[in-house]
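Engineer: Next input, structure requested:
(2 chains)
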Protein chains: 2
Amino acid sequence: MTYLVTGGCGFVAANLIPHLLTTGKRVLALDNFCRGSEANLGSSRHHPNLTVRQVDLSNLDAYRSAVSDAAGDSAIHEVWHLAANSDIPAGIRDSEVDLRDTFMTTYNTLAVMEERQVSRLFFASSSAVYGDHGDEILTESSGPLLPISNYGAMKLASEAIISAASEKFLTRAALLRFPNVVGVPSTHGVILDFIRRLRSDPAALTVLGDGTQRKCYLHVSDLVDAMLVIRDRSTDKVGAFNIGPEDSGITVAEIAAEVVAAVAPGATITYGSGNKGWVGDVPKFRYSLSRLQALGWHPQHTSLQAIRIAVREIARQEGVECGRR
Amino acid sequence: MTYLVTGGCGFVAANLIPHLLTTGKRVLALDNFCRGSEANLGSSRHHPNLTVRQVDLSNLDAYRSAVSDAAGDSAIHEVWHLAANSDIPAGIRDSEVDLRDTFMTTYNTLAVMEERQVSRLFFASSSAVYGDHGDEILTESSGPLLPISNYGAMKLASEAIISAASEKFLTRAALLRFPNVVGVPSTHGVILDFIRRLRSDPAALTVLGDGTQRKCYLHVSDLVDAMLVIRDRSTDKVGAFNIGPEDSGITVAEIAAEVVAAVAPGATITYGSGNKGWVGDVPKFRYSLSRLQALGWHPQHTSLQAIRIAVREIARQEGVECGRR
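Structural biologist: As a prediction, the model looks like this:
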């Protein structure tokens, strides 16, 4: 029995796979190595039950071959579909990016699952499916779903085709609507961006937007815990789950202050204008977590705590020294 | 100035285009002639302001060339994107059908619109985006959106990518969530199916399912009226609109009785089991029409009236004689 993890060398997979390996089952990690790398997997990459293959999952023939070569006829127990473009602005400049790396990877995952009679799918969806709902507290039933980025659109398109597949051959599908997630290995995001800018110029940090964007942040350890809780305790045939912290988030200005305090105390922070950092950025959102809480899950960290932990983790990853707390 | 109509030789286009031509603007109708045909356009096809081109809209290069050849540099005022696979069971057997004809035609429509700086889009979406919500009265904000067919999934995916494009370059986008629509020229659907079966065997009609499926039906004349009302009176930058009759629909058994009474009085009707006709069929749904009613729109016909009118229209199309009413 094998777990298939797509985007298997990315940020979330690197934190999920160690948990999957503890079960004694095999793990097959597929990744296009566009942002992911084997190095992200840390000590797991030497685990005898882990197989890593580089493959472009938007190419169905290549996808099918990679699975056959690595898994042969052995049954795949379940799929964790985490592969996607994670560079939202890139997907707005060129809509082909999200079509290919976010949607077609889902479409092909379902094709391979149907061919191999694999019926359990856990999908990394996103808060971006909702679009901009202002101050509304978002439940999984909130609508209309009007994403403002191609990334959000192709995550919603993926949810849709998974839902249709649940009518046809899936017996279990969870649409896991991730918030902003922080931790290591970090490949992109606001903390990494700030740390790298401060490494170039420790005296000053320029922030896109006016700093008032307020968002929820979850530490990746809490995210992985929620993913496993949903898998193990939910009984929905197909269902969406908001995953996030239990607070109302923190602002970009607060994040900037945390990063500056940790890695470049005394640096001046200057802000741009507007409360959207870039086209397609939802300025703020707040989740209802009642579905997830009903399964008994609660996060260990608030948004602020998650940011504080991640700032230190990412600084270490980047070889930047942190001041004492 | 030109109106571009995709699926321009199909059922809805055949009823919309005469209205567009009354404005004196040019109409460019693009269709792959898979189900549509120029004959569907009736007397409109000889109108001097109408241009019809056969093209596979899932092929971006062909799409772009067809528009350039027919419209040259003249400005396209707005797009009515009606092209889609309309054979839901075919799309369930082979998910490639809806990916190509329902989703990629939308993706390519947006690509062509962005290239030509066309910013107004009216899209034929569907009640199928909601999935099966049982007895819930569906508003445009209802969720979760869990379509049960690839058709519904690719309509939702289309809504999603249109929504993202509204953040980028569209100034006006309406997501028109069609109900079941009846009238002529009829290319598929329950009435045409029943009439053709009764033509083969005027003594007996076998109905898939137990006949209790209850659905809303709108006559195409009311549909086109609603589409134009939304275009002319709504001011949303991007918004979804349920379009349907104001009643709670009629059952398949009632439709069967209407068809039998009109074209084969005395035929026996036998039913199958279950309340879903086929995989991907939502057994019933009921719309809230408050958004559309707030624009001052009301349909001329109930579901039953729409079916009665359409039975006679489709019988005439098929050359089947109707009894007197």
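Engineer: Which strand or helix spans the residue of the stretch 151-300 of chain A found nearest chain B?
Structural biologist: Among the residues of the stretch 151-300 of chain A, A:Ala157 lies closest to chain B, at 3.3 Å counting by CB to the nearest CB. For every residue, glycine as well, the C-beta is placed using N, CA and C. Element membership for A:Ala157 (DSSP states H and E) is helix A:150-168.
Engineer: what's the angle from that helix to helix B:150-168?
Structural biologist: 170 degrees (axes from the mean of the first three to the mean of the last three CA atoms, to 10 degrees).
Engineer: ok so, going back, please name the residues that touch the closest residue to the residue of the stretch 151-300 of chain A closest to chain B other than its chain neighbours.
Structural biologist: Spatially, and ignoring its direct neighbours in sequence, A:Ala157 is nearest to B:Ala157 (3.3 Å; CB to CB, 6 or more residues apart in numbering or on different chains). Taking CB atoms under 8 Å, 6 or more residues apart in numbering or on different chains, we find B:Ala157 in contact with A:Phe103, A:Ala153, A:Met154, A:Leu156, A:Ala157, A:Ala160, A:Ile161, B:Phe103, B:Thr106.
Engineer: right, and the pair among those residues with maximum separation?
Structural biologist: Across the contacts of B:Ala157, the longest distance by CB to CB is 14.1 Å; it joins A:Ile161 and B:Thr106.
Engineer: Would you mind telling me which of the two has the busier surroundings?
Structural biologist: Set side by side, A:Ile161 and B:Thr106 show more neighbours around B:Thr106, with 29 against 25, by other CB atoms under 10 Å in any protein chain shown.
Engineer: so the more buried one, which of the three states?
Structural biologist: Here B:Thr106 is helix, with the state taken from DSSP: H, G, I helix; E, B strand; the rest coil.
Engineer: returning to what we had before: how far does the helix holding A:Ala157 sit from its chain's centre?
Structural biologist: 16 Å (CA atoms, centre = their mean, to the nearest Å).
Engineer: after that helix, next one along is what?
Structural biologist: Next element after helix A:150-168 (DSSP H and E): strand A:172-178.
Engineer: Quick check: can you name the pairing partners of that next one and their directions?
Structural biologist: strand A:120-126 (parallel), strand A:238-242 (parallel) (DSSP bridges).
Engineer: Tell me the buried residues in stretch A:162-179?
Structural biologist: Neighbour counts over stretch A:162-179 (16 or more other CB atoms under 10 Å in any protein chain shown) mark A:162-168, A:170, A:172-179 as buried.
Engineer: Correction: the previous question concerned stretch A:124-135.
Structural biologist: A:Ala124, A:Ser125, A:Ser126, A:Ser127, A:Ala128, A:Val129, A:Tyr130, A:Gly131, A:Asp132, A:His133.
Engineer: now swap in stretch A:248-258 and tell me
Structural biologist: Quick answer for stretch A:248-258 (16+ other CB under 10 Å): A:Gly249, A:Ile250, A:Thr251, A:Val252, A:Ala253, A:Ile255, A:Ala256, A:Ala257, A:Glu258.
Engineer: Secondary structure and distance to B:His219 for those - can I get that in CSV?
Structural biologist: Listed next are the buried residues of stretch A:248-258 as CSV, based on DSSP: H, G, I helix; E, B strand; the rest coil; distance: CB to CB, whole Å:
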residue, secondary structure, distance to B:His219
A:Gly249, coil, 49
A:Ile250, strand, 54
A:Thr251, strand, 53
A:Val252, helix, 53
A:Ala253, helix, 56
A:Ile255, helix, 56
A:Ala256, helix, 59
A:Ala257, helix, 62
A:Glu258, helix, 61
